[in-house]
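Student: need a structure here:
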Amino acid sequence: MTKLIGENVLMRIFIGESDRCGRKPLYEALVELLRGEGFAGATVLRGICGFGAQSVFHTQKLLDLSADLPLVVEVVDSQERINAVMPRIDEMMDGGMITLEKATVIRYSRKNREP
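Tutor: Numbers count the residues shown, from 1 in each chain. Okay, the predicted model is just below:
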C-alpha cells in the first residue's frame, strides 16, 4: 500500500441545486471543468437542509422534489492548480461561495497491495 503525505488545498464550492451554467446544472459543469483540467477527483455533496446569504430555508421533504437543496463541490489539489482554475470557476459562478483551506493529504493506493 502506498501512502503519500503532502500539503494541499481543499476547495469547497457552495452552490444551490438549481444553479445553472448555461443549460447544464452548475455542479455538473464544475465537475466536468475540474476533470478536464486534470484534477485527480471532485465530489458533490447534497445537503438535506440549509440556508444561504438570503436566509431562504431549503429542506428536503418527502413530497417536495424541487427543494433547491444546498450542494458542495469539493476538490483537493495544490495551491498552484487551484489558483490556475479559479478564473474559469469565477466565470461560471452567479452566486454562492468558495472556501479554501490547507489540507494535509494521506493518500492510499492499491497498486502495491499484497494479495
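Student: tell me the helix or strand right after the helix or strand of the chain with the lowest mean pLDDT.
Tutor: Evaluated with mean pLDDT, DSSP states H and E, the helix-and-strand set of the chain has its lowest mean pLDDT in strand 57-59, which scores a mean of 62. Taking DSSP states H and E as the definition, the helix or strand that follows strand 57-59 towards the C-terminus is strand 70-77.
Student: ok, that next one: who's next to it in the sheet?
Tutor: Next to strand 70-77 in the sheet, as set by DSSP bridges, lie strand 2-16 (antiparallel), strand 43-46 (antiparallel).
Student: and the ones you listed: which comes nearest residue 73?
Tutor: In terms of Cβ to Cβ, the element of the strands paired with strand 70-77 nearest to residue 73 is strand 2-16, at 4.2 Å. (C-beta placed from N, C-alpha, C; glycine too.)
Student: touching the closest one from outside, list them.
Tutor: When contacts are defined by Cβ atoms under 8 Å, 6 or more residues apart in numbering, strand 2-16 is touched by residues 26-27, 30, 52, 58, 68-79, 82, 89, 93, 95-109, 111-112.
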